[in-house]
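Novice: Here is my input; please provide its structure:
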Amino acid sequence: MSGGAGVTISSLNLHCGLSGQGQPFDVPAALARLDADIIAVQEAWWTGRGRGSDAVAAASGALGTRLIRTEISSGASLAELNIAPLTEPGNWGIAILSKLPVLRYETLDLGRAPGDIVRRAALICSVQGPGGRPLRLVNAHLTHRFTSPAQLVRLAGHLGRSPMPTVIVGDLNMPRLATWVAPGYAPTVRGRTFPAHRPVIQLDHLLTTAQLAAECAAVLGPLGSDHLPIQARLRPS
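Specialist: Below is the predicted model of the structure:
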């Protein structure tokens, strides 16, 4: 990013296309309403069986974005993942939908927290921002157990100190004050995000390095999931 150009980044935990009450919602329509350059999603769900089995891929195609994703769990059902009483096996993971050119990406294994049924991971993606300057976007869905700050510390340590502007975004499963365990990163969005119908805590965050300044950082209205989406417009500081 250069010359004052900005990038809009959104994040939403999709809860596998289900509301907190287990009612399905239109994932492609929800993601289209975010109207962002980069969308990070957590709890994406795809089965690869029949029409409508891969809502995130359908959304990416409709929006004309590059889809990068990684599986956190493969072959388990939503019932086995304790998400919904549905027994069809599928894939559960995180994804990035980018309108900006993708330069490179990697998946970082963050391990399995005590009491969690799955391992956790972060998807690290470098994109070419306006003006040709690279931007590093890290999508993370951390454990819902109390050790999520330890996973954030591990993630920040892996990223290290870099001249590249970096954003950590996603369902970090910790309150806003706990995000300060990531040295060099500052929270931008302030507001409760969970549960969507009556939010009492902020679990979803967008953290930035000092090279970036956030404007219009906000929690957005409900789109069908049990989490509220977040969004910020970022510019060089």
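Novice: Nearest residue to Val200 in space, please, no chain neighbours.
Specialist: Arg192 (6.0 Å; CB to CB, 6 or more residues apart in numbering). C-beta coordinates here come from the backbone N, C-alpha and C atoms, glycine included.
Novice: my guess is that neighbour meets Ala218, correct?
Specialist: No. Arg192 is not in contact with Ala218 according to CB atoms under 8 Å; the separation is 11.9 Å.
Novice: for this structure, what spans make up the helices?
Specialist: 27-34, 55-63, 148-159 (DSSP state H).
Novice: export these to TSV and tack on mean pLDDT?
Specialist: Shown next, in TSV, are the helices of the chain (pLDDT from 0 to 100):
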stretch	mean pLDDT
helix 27-34	98
helix 55-63	97
helix 148-159	97
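Novice: and of those, who's closest to Pro222?
Specialist: Relative to Pro222, the nearest member of those by CB to CB is helix 27-34, separated by 9.3 Å.
Novice: what separates Pro89 from Ser53, distance-wise?
Specialist: The spacing between Pro89 and Ser53, counted by CB to CB, to the nearest Å, is 12 Å.
Novice: between these two, what contacts are shared?
Specialist: Thr47 (CB atoms under 8 Å, 6 or more residues apart in numbering).
Novice: For the spatially closest residue to Leu135 that is not a sequence neighbour, grab phi and psi.
Specialist: Among residues not flanking Leu135 along the chain, Gly129 sits closest, at 4.4 Å (CB to CB, 6+ apart). Gly129 adopts backbone torsions of phi -80, psi 180, taken as degrees, to the nearest 10.
Novice: Make TSV from the helices of the chain and add mean neighbour count and distance to Pro222 to it.
Specialist: Converted to TSV, these look like this (neighbours: other CB atoms under 10 Å; distance: least, CB to CB, whole Å):
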stretch	mean neighbour count	distance to Pro222
helix 27-34	19	9
helix 55-63	19	17
helix 148-159	19	23
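Novice: Noted, bye for now.
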